[in-house]
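Here is my input, please return the structure:
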Amino acid sequence: MEKVYINRSNILTPFGLSVETNWEQLVLGNSAVSKIDSFGHLKNFYAGQIDENIFRNIKNQIINNEKYTRLEIIGIYSLFQIVDKSKINSRTGFVLSTTKGNINQISNSLEEASIPLFAKKIADYFGFETEPIVISNACVSGVLAVNIAKRFIEMDFFDDVYVLALDELTDFVLTGFNSFQAMDFEQCKPFDKDRKGVNLGEAAACVYISKEKTNNSFQIVGEATINDANHISGPSRTGEGLVLSIEHALKEANITSNKIDYISAHGTATLYNDEMETIAFNRLEMQNVPTNSLKAYFGHTLGASGLLELVLAMKQAQENLVLKSLNYTELGTSVEQNITKENLNKEINYILKTSSGFGGSNAVIILKKVEND
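Next comes the predicted model:
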């Protein structure tokens with residue numbers, strides 16, 4: 001089977017426009033989640049929102065920016081940092097992950113809210129010759145997009161693939177999560193005994209995937225996506241789909257669970273998600289593996305979350321530093337899990353990234369750090 005590597009990455013969040021800028025804030029334990037007085041139908045809640053000054057700076061650097069929506073500009077700018085236009089050809093793929101895309105445009109017309117149109121506009125900006133592949137499967141979309149890109153390369157459909165994941169704060173999404181009574185109106189606390197629900201956020205993240213190994217590459221050694229078909233919004237109480245996904249990924253990677261050095265969990269801070277994840281990890285005897293959630297740093301960025309957190313998992317591995325799970329004080333799940341309370345210096349070679357979403361969807365990926373030549 002062809003080896004596949006993640007070679008380049010970038011993220012755009014309320015912290016700023018690069019992995020390094022974000023990393024500086026994360027190491028200090030700062031959060032991009034802040035109090036928002038009013039947004040659409042909601043008042044006095046916490047979320048991660050990209051500052052208007054940052055957005056104006058981005059917009060001014062995009063050619064013909066009046067043609068693009070706010071979210072399209074955020075995505076184009078993020079991807080622009082890693083794209084080599086001169087090497088895009090008929091063997092280069094483009095995969096876009098989003099949960100809601102331009103849902104804000106639905107009041108204008110259904111066409112303007114179309115996700116395929118949204119993907120095509122971004123693809124055309126860079127001159128991709130192939131049709132964009134859209135992954136929109138709840139909150140597993142970001143991880144699933146990378147898994148799909150890897151499979152296309154293995155099948156020799158593409159030589160290389162750019163993956164972009166993005167979502168923005170909208171009244172539609174905020175009121176939807178609020179109607180589920182899944183939001184915490186204070187700062188969220190993943191895995192903590194006092195957790196009440198999610199904070200939402202917005203971000204873009206992108207990676208370049210190919211057959212070639214470069215310095216600071218990560219090999220995708222295993223992945224899987226399994227739906228437990230449990231409920232329209234609630235996960236399996238026994239973590240069935242997540243357990244099966246991890247088992248399949250471990251089998252493909254040809255390693256056992258004790259080889260995993262760090263788990264980047266989905267960790268939404270809802271009662272059921274965090275409980276389900278820890279049960280799944282325990283079933284696979286991974287309760288002692290250092291585990292964190294980045295949701296309290298950025299909020300839940302929906303279709304961007306899995307890829308955003310994967311990029312930062314790679315950064316943690318490069319630095320051999322597991323970030324603390326922000327706002328975590330005392331375990332609030334029925335089984336034990338090694339949730340990091342402080343930044344932890346640790347050699348990281350194998351990463352497990354998990355993601356779970358509405359409809360019982362689960363997607364996982366295992367990365368191996370590649371030693372530089």
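
Count the residues that sit near residue 330.
Applying other C-beta atoms under 10 Å, we find 11 residues neighbouring residue 330. Quick note: C-beta positions are derived from backbone N, CA and C, even for glycine.

Could you confirm residue 316 falls within a helix?
Yes. Under DSSP: H, G, I helix; E, B strand; the rest coil, residue 316 falls within a helix.

got a pLDDT number for it?
The model reports residue 316 with a pLDDT of 98.

Tell me who's in contact with it.
Residue 316 sits next to 262, 264, 322-323, 348, 351 when contact means C-beta atoms under 8 Å, 6 or more residues apart in numbering.

Show me which of those is closest to residue 223.
Nearest to residue 223 out of those is residue 351 (C-beta to C-beta; 11.8 Å).

where does the closest one land in three-state SS?
Put simply, residue 351 is strand when judged by three-state DSSP.

again, but for residue 26
helix.

circling back to that earlier point, out of the contacts of residue 316, name the ones that lie in helices.
Using DSSP state H, no member of the contacts of residue 316 falls in helices.

Rebuild these as JSON lines, extending it with distance to residue 178 and pLDDT.
Shown next, in JSON lines, are the contacts of residue 316 (distance: C-beta to C-beta, whole Å; pLDDT from 0 to 100):
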{"residue": "262", "distance to residue 178": "33", "pLDDT": "98"}
{"residue": "264", "distance to residue 178": "27", "pLDDT": "98"}
{"residue": "322", "distance to residue 178": "32", "pLDDT": "98"}
{"residue": "323", "distance to residue 178": "28", "pLDDT": "98"}
{"residue": "348", "distance to residue 178": "37", "pLDDT": "98"}
{"residue": "351", "distance to residue 178": "33", "pLDDT": "98"}
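
from the residues you listed, which ones fall inside strands?
Taking DSSP state E, the ones among those that sit in strands are 262, 264, 322, 351.

Roughly how far does the second one sit from residue 105?
When you say that, I think you mean residue 264. Between residue 264 and residue 105 the computed distance is 32 Å (C-beta to C-beta, to the nearest Å).

Run through the helices of the stretch 251-373 of the chain in chain order.
Here the stretch 251-373 of the chain has its helices, by DSSP state H, counting those that start in this stretch, at 271-283, 295-298, 305-319.

what does stretch 42-56 rub up against?
Stretch 42-56 has contacts (C-beta under 8 Å, 6+ apart) with 12-14, 16-17, 31-39, 70, 73-74, 168-169, 171, 174-175, 178, 183-188, 199-203, 297-299, 301.

let's see 7 Å
If you take C-beta atoms under 7 Å, 6 or more residues apart in numbering as the criterion, stretch 42-56 is touched by 13-14, 32-37, 70, 74, 169, 174-175, 178, 183, 185-187, 199-202, 298-299.

Filter those down to the buried ones.
Buried members of the contacts of stretch 42-56, scored by 16 or more other C-beta atoms under 10 Å, are 13-14, 32-33, 36, 70, 74, 169, 174, 178, 183, 187, 199-202, 298-299.

circling back: and the helices of the stretch 251-373 of the chain, which is most packed in?
Each of the helices of the stretch 251-373 of the chain was scored by mean neighbour count; the highest is helix 295-298, a mean of 30, by mean count of other C-beta atoms under 10 Å.

average model confidence for it?
Averaging the model's pLDDT scores along helix 295-298 yields 98.

Give me the residues contacting it.
By C-beta under 7 Å, 6+ apart, helix 295-298 touches 13, 26, 31-33, 48, 187-190, 198, 201, 203, 267-269, 308, 326-327.
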